[in-house]
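Engineer: okay, predicted coordinates and the sequence, questions at the end:
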Amino acid sequence: MESKNRTVSLTLPAEAEYIDLVRLTLYGISSKMGFSYEDIEDMKVAVSEACNNVVVHAYEPGQGGKMEVHFEEVEGGIKIIVQDQGLSFDHVTKVGSADSLHNKSLDEVSSGGLGLYLMQALMDHVEVKGDHGTVVILTKLVSKSEEMV
Amino acid sequence: MVQENKFRMEKQITDDDNIISLIGELDLSKASEFNTNVDPFVQDVGRKLILNLKELTYIDSTGIGVILTIIKTRHALKAPFAVENIPPKVQKLFDLTGLTPFLSAVANTVN
């Protein structure tokens, strides 16, 4: 987690109004790195979903709290770490609940689990861990054909 | 940029339709506002409800969740509902999450 180099970090209030700042920062960094428009849009959604989880689940209502987002340039791509110091959720259960609306009837579907599902669908790799607070690590690789020269 | 992407809704009411245009970024911070403001139109069974997404620049799972709730409610009310002018990047998320078949179903079953 410790930034060796080439890491940009944001510390924000864990409130929904600040998530657009994370998207703006992500846009700046990932376009500098040569990600395509489509990849950047994918990452915007995935990273926002990770932030949504912090805002909704990490802290007791009214308690306040921080979320940290680290953008780390790694070989071939970017690693985005979203973490909080709140209530760690049951990762195994939570990750297992990631689900889409596919192959279900209208009576069965709910939007629960969609956020994690989207993270997994839109990123190359997703890891959720943490004992004191939750850490979500999202990795996206720059597609070879889109790489800047 | 933050300001120009600020979420807002425009309403156009005709004899037959309630047309609601969603503009800007619909994320967690705006989902409940959207839900509250759209609800009177969701309950209006006398007109077809149309969501126009032409100028929607961003949506996340919470916005998709509100649209899913609208589909369920309109279906239960047997009232027509359609989503129009879906930008490609929004369509991609509707396809990925599996929302798309429900949009088609609710648009086709009643009219």
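Structural biologist: All right, it came through fine. Numbers count the residues shown, from 1 in each chain, chains lettered A, B, ... in the order given.

Engineer: tally of neighbours for the nearest residue to A:Gly112 once chain neighbours are set aside?
Structural biologist: Leaving aside its chain neighbours, A:Gly112 sits nearest to A:Ser97 (6.9 Å; criterion: CB to CB, 6 or more residues apart in numbering or on different chains). Heads up, the C-betas are built off the backbone N, CA and C, glycines and all. For A:Ser97, the count of nearby residues is 12 (other CB atoms under 10 Å in any protein chain shown).

Engineer: what's the separation between A:Ser97 and A:Val135?
Structural biologist: Per CB to CB, to the nearest Å, A:Ser97 is found 18 Å from A:Val135.

Engineer: please apply the same query to B:Lys89.
Structural biologist: Computed with CB to CB, the distance linking B:Lys89 and A:Val135 is 28 Å.

Engineer: buried ones in stretch A:101-110, by neighbour count?
Structural biologist: Residues of stretch A:101-110 classed as buried: A:101, A:109 (neighbour count, 16 or more other CB atoms under 10 Å in any protein chain shown).

Engineer: can that stretch be said to contact chain B?
Structural biologist: Yes. Residues of stretch A:101-110 are located near chain B by CB under 8 Å from any CB of the partner chain, namely A:101-104, A:106, A:109-110.

Engineer: export that stretch as PDB, just CAs?
Structural biologist: Below are the C-alpha coordinates for stretch A:101-110, written out as PDB (Å, rounded to 0.1, in the frame of the first residue of the first chain):
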ATOM      1  CA  LEU A 101     -29.900  -9.200 -13.300                       C
ATOM      2  CA  HIS A 102     -29.300 -11.800 -16.000                       C
ATOM      3  CA  ASN A 103     -31.600 -14.800 -16.200                       C
ATOM      4  CA  LYS A 104     -34.000 -13.700 -13.500                       C
ATOM      5  CA  SER A 105     -37.600 -12.600 -13.500                       C
ATOM      6  CA  LEU A 106     -38.700  -9.100 -12.700                       C
ATOM      7  CA  ASP A 107     -40.000 -10.300  -9.300                       C
ATOM      8  CA  GLU A 108     -36.600 -11.700  -8.400                       C
ATOM      9  CA  VAL A 109     -34.300  -9.000  -9.400                       C
ATOM     10  CA  SER A 110     -32.800  -6.300  -7.100                       C
END
